[in-house]
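Student: pasted the sequence and its predicted model underneath.
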Amino acid sequence: MKDEEFGKQFWQRADQFINLANEQSQASSSGEVSSSFLYAAARFNAFIAAATARNIDELKKNKEEAINYFSNLYREAFVENLEDWIANYDKHLSNNGTSGK
């Protein structure tokens, strides 16, 4: 996911989600917040898959395609961000010490 692929609003929304996760990490463990975050994304994306299907039969037919699509998107974003942390570990931690930005 390169900056050029997405508009400014994409990055603002992502930052808002990250800020909320960082805020919630002050009262709960990062692992608990991560689990809630992942669950919420899964629930919302399941809604997207269902809402874009014309009917239940189409949803059932496209189930594996939807699973693969969203799983691959997550994997790509996770790998890209993990590689960024590996390349910039000290820099990121010295910038703000929070979990996502």
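Tutor: Yep, that arrived.

Student: which residues sit in contact with residue 41?
Tutor: The neighbours of residue 41, taking CB atoms under 8 Å, 6 or more residues apart in numbering as the test, are residue 74. Using the backbone N, CA and C atoms, a C-beta is placed for each residue, glycine as well.

Student: so which strand or helix has it?
Tutor: helix 30-52 (DSSP states H and E).

Student: so what's the gap between the very next helix or strand once past that helix and the chain middle?
Tutor: Later in the chain than helix 30-52, the nearest helix or strand by DSSP H and E is helix 56-61. On the basis of CA atoms, centre = their mean, to the nearest Å, helix 56-61 is displaced by 25 Å from the centre of the chain it belongs to.

Student: the following helix or strand past helix 56-61 vs helix 30-52, what angle?
Tutor: As assigned by DSSP H and E, the chain's next helix or strand after helix 56-61 is helix 63-95. Helix 63-95 runs at 140 degrees relative to helix 30-52, counting by axes from the mean of the first three to the mean of the last three CA atoms, to 10 degrees.

Student: by contact count, what packs against helix 63-95?
Tutor: helix 30-52 (3 or more CB pairs under 8 Å, 6 or more residues apart in numbering; DSSP states H and E).

Student: list the buried residues of the helix it packs on.
Tutor: With burial defined by 16 or more other CB atoms under 10 Å, the residues of helix 30-52 counted as buried are 33, 34, 37, 45, 49.

Student: closest one to residue 75 out of those residues, please.
Tutor: residue 45 (13.6 Å; CB to CB).
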